[in-house]
Structures are given as C-alpha cells and as structure tokens.
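Q: Sequence first, then the predicted structure, then my questions.
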Amino acid sequence: MSLGNVKEEIFDQIEAAKQRVYDIASETPLVASQVLSDGMLSLKLEHVQPTGSFKIRGATNAVLALTPEERELGVVCCSTGNHGRALAFAAKKLGIPITVCLSTLVPKTKVDLVSASGAKVIQQGISQDDALEVAIDVAKNSGAKLIPPFDDPLVLGGQGTIGLEICQQMPDIDTLLIPLSGGGLAGGVATAVKTLKPSTRIIGISMDRGAAMHESLRAGKPVAVPEYASLADSLGGGIGLDNRYTLELCKSLLDEVVLVTEQEIYDGMSELYWKDLIVAEGACAVGIAAILSGKVQVSGPTATIISGRNVDPGQFSQVITGSSITLDSLTLTGGVT
C-alpha cells in the first residue's frame, strides 16, 4: 500500500473518529508553557483525559466500532499500561468484558490502575512483544477481539483527533514535538497535521535505549529491540514485525526523530513540574527534554504533547526533589529548579 493510500485511509478514519471519540474522551486545552521565557512553547494537555492519557481516544474509537457480536465476546489487548487502562475504561462503560496483557516491566502503579478499571489482567513476559503473544493466544482461545495499542486504523484515527484540535487551537504552529513509541500517537497526529498544515515541522522524540521505531526507521523495516527500565516506560516495546501502518506513516511524515537520555528525561519531568506544575510521566516529558538539552531548537510557535500523567508517585517524588534514581546501571539525579 502506497503512502498516499495509507495517509488517505488514516485521515478518513480521523474524520470519522471525531464523530465518536467525544462520547468518552475529552477535547483538551493547548496552553502556554513557562519552560521557555519567550512564550514560544505550548503544551497539549492530554494528561487531563479521564484515564490520564491520550490513549482514551484510540480506545474509544475502536470500542465504539465493535459489532454487537464482538461486544458480547469481549476484547483483549497488550499494553505498557495506558492503552490497557483506556480500553478497560471504555469497555466498562459499554459493559464489554476485557483482558489486558502486560509484561513484568510495567510499573505496579499502572498494573493497579488497569485492574481497577475493571479488566482481567495477565502479567507475563519481559517485553511488550511477549505480552502481545499472550494477547493473541487469549483472542484465539476466547474469540475476544484483539485491539492493538497503535498499529490499527481505528486506534490511529482516534489518536489523530489530537492533530485536528492542535490545528484549530494553534493555526500558526511551526513545530510539533510528539512522544514516539510504536507510532500510534505520532502516526495519527502527523497524518492530521501534515494534511491540514503541511509546512509544520514534526519531530518524534524517544528515549535513547530501546527506541523501537527509531531503529526500525534506520533499518527500513520493523526490527525487534531489547526493552530497558526507563522513566519513559510508556515508550517501551516493539512496533510489531508485521507492522502495516505506523512505520510507513512515521517514515514519511516525521521530519526528524530525536533521542533523549534518561537524565534528560528526568530533567524534563522536573522542569515541567516546577515551571508548569504538571505531574507528568517521563514519556510526555521527552519534548521538554529535547528542548532543554538543545537537541531541538525552537524558532517559531511550538507545541509538545503532554501525553499522560500515570506515573509512579514514589518515583515522581524522587524526581521533583532531586533525589537519586537508579535504572539498571544508570544513576540519575538533579536539583530542584
């Protein structure tokens, strides 16, 4: 399938999704940040969604598109936490049974949030790819509908509604920074923004260890990567070796991909809190991290997506007080801004 056909298909899904997602998801504000003194930076506040992340958009769109027969059999997914919580929230509202498969790398806080949302939780394996294999088995054995976390037209369509809102809220946007993992957020949002405002510079931001989309873009095909403990745990996991949509969208629509270190993510989380009073996951602080580190230069109206707030409270407390955190062999520390 050519880029033109893929982009057209996903944009059609985005247009359809805007008729559905607001049944459960919310339109979110775009606000000025205090991180930069020149007022050039704005924040798209997806962390205020009902489940604490942008994932509720794609989950809502996918669940509302189920047939009555599919609703009765239920749904299943793999997740690094936020997709599972969002899907469980949407499914519960509609009385649909759900199973969420998580790896052992998913923080306990997120596991508990998924379980509290009404899902049956299976935690197994050391990577999202392992969790996907479990989800596939559940789907085969139960008849439940497998709803992928990113490489799916309905999920991409839901996430793309963020791009529609940004274009309305910031007509003069020059640069958009998007947290990059499997490409569901980046692919959907970039499709909307590049369709409506093609001159916008779009940069995907990921952590520098285990960045699956970055490595796949370099290889020109989906590749498997090791997963590591990260402050940006939501950005972990592969893109799927049979990836159909997001690799092509990211390859064609992202102007650049930037990687940030764990220390830079730590500093970004701290800066977001002390300058904008935002409790943010490491995954949604990567845009701030890229700017603070000088890896992205801001020269015009710029926005970054604050993608989620589902962070471990103990870890977050350590970050904002400048306490040391150890991740594998890395020691991160800082001072209160």
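A: Looks like it came in fine. These numbers come from a predicted model, not from an experiment.
Q: Now do the SS call for residue 231.
A: coil (DSSP: H, G, I helix; E, B strand; the rest coil).
Q: Looks like it contacts residue 282 (just checking).
A: Yes: using Cβ atoms under 8 Å, residue 231 is in contact with residue 282, at 3.2 Å. Where C-beta positions appear, they are placed from N, C-alpha and C, glycine not excepted.
Q: from the middle of its chain, how far away would stretch 175-189 be?
A: Averaging C-alpha positions (Cα atoms, centre = their mean, to the nearest Å) puts stretch 175-189 7 Å from its chain's average.
Q: what does the average pLDDT come to for that stretch?
A: Taken as a whole, stretch 175-189 carries a mean pLDDT of 98.
Q: Kindly format the C-alpha coordinates of that stretch as CSV.
A: C-alpha atoms of stretch 175-189 as CSV (Å, rounded to 0.1, in the frame of the first residue of the first chain):
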residue,chain,number,x,y,z
THR,A,175,6.9,22.8,15.1
LEU,A,176,5.2,19.9,16.9
LEU,A,177,7.1,17.6,19.2
ILE,A,178,5.4,14.1,19.6
PRO,A,179,6.5,11.3,22.0
LEU,A,180,7.4,8.4,19.8
SER,A,181,7.0,4.7,20.6
GLY,A,182,5.0,2.3,18.4
GLY,A,183,3.8,5.3,16.3
GLY,A,184,0.1,5.3,17.1
LEU,A,185,0.3,8.9,18.5
ALA,A,186,2.9,10.1,16.1
GLY,A,187,1.3,8.5,13.0
GLY,A,188,-2.2,9.6,13.8
VAL,A,189,-1.3,13.2,14.8
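Q: overlap in contacts of residue 231 and residue 282?
A: Common contacts of residue 231 and residue 282, defined by Cβ atoms under 8 Å, 6 or more residues apart in numbering, comprise 207, 265, 266, 269.
Q: Which one of those is nearest to residue 192?
A: residue 207 (24.8 Å; Cβ to Cβ).
Q: Tell me how far the nearest residue to the closest one once chain neighbours are set aside lies from residue 167.
A: Distance criterion Cβ to Cβ, 6 or more residues apart in numbering; nearest residue to residue 207, sequence neighbours excluded, is residue 232 at 4.6 Å. Distance of residue 232 to residue 167, given as Cβ to Cβ, to the nearest Å: 26 Å.
Q: more crowded one of the two?
A: Remark: of residue 232 and residue 167, residue 232 carries more neighbours, 28 against 17, as counted by other Cβ atoms under 10 Å.
Q: how about that one, what does it touch?
A: Residue 232 makes contact with 179, 206, 207, 265, 281, 282, 283, 285, 286 under the criterion Cβ under 8 Å, 6+ apart.
Q: ok, now with 7 Å
A: If you count contacts by Cβ atoms under 7 Å, 6 or more residues apart in numbering, residue 232 has them with 207, 265, 282, 283, 286.
Q: These in helices, which ones?
A: Among these, the ones falling in helices (DSSP state H) are 265, 286.
Q: of the contacts of residue 232, closest to residue 16?
A: residue 283 (27.2 Å).
Q: And the pLDDT for the closest one?
A: So, for residue 283, pLDDT stands at 96.
Q: can you give me the helices in the stretch 151-300 of the chain?
A: Using DSSP state H, counting those that start in this stretch, the helices assigned to the stretch 151-300 of the chain run over residues 153-169, 184-196, 212-219, 246-253, 262-276, 286-292.
Q: hmm, who's touching the last one?
A: What that stands for is helix 286-292. For helix 286-292, contacts defined as Cβ under 7 Å, 6+ apart pick out 35, 177, 179, 205-207, 232, 258, 260, 264-265, 267-268, 271-272, 296, 298, 304.
Q: one more time with 6 Å, if that's ok
A: 35, 177, 179, 205, 258, 260, 264-265, 267-268, 271-272, 296, 304 (Cβ atoms under 6 Å, 6 or more residues apart in numbering).
Q: among those residues, who's most crowded?
A: Neighbour max across those (other Cβ under 10 Å) = residue 205, 33 neighbours.
Q: any low-confidence regions in this structure?
A: Low-confidence segments of the chain (pLDDT under 70): 1-3, 335-337.
Q: tell me the domain ranges of it?
A: Here the domain parsing of the chain from automatic domain parsing is 3-51+153-332, 56-146.
Q: quick one: the longest one to chain centroid distance?
A: Between the mean C-alpha point of domain 3-51+153-332 and the mean C-alpha point of its chain there is a distance of 6 Å (Cα atoms, centre = their mean).
Q: Pipe the contacts of residue 232 into a markdown table and attach distance to residue 31 per row.
A: A markdown table is the format used below for the contacts of residue 232 (distance: Cβ to Cβ, whole Å):
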| residue | distance to residue 31 |
| --- | --- |
| 207 | 25 |
| 265 | 22 |
| 282 | 21 |
| 283 | 19 |
| 286 | 18 |
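Q: I am finished for the moment; much appreciated.
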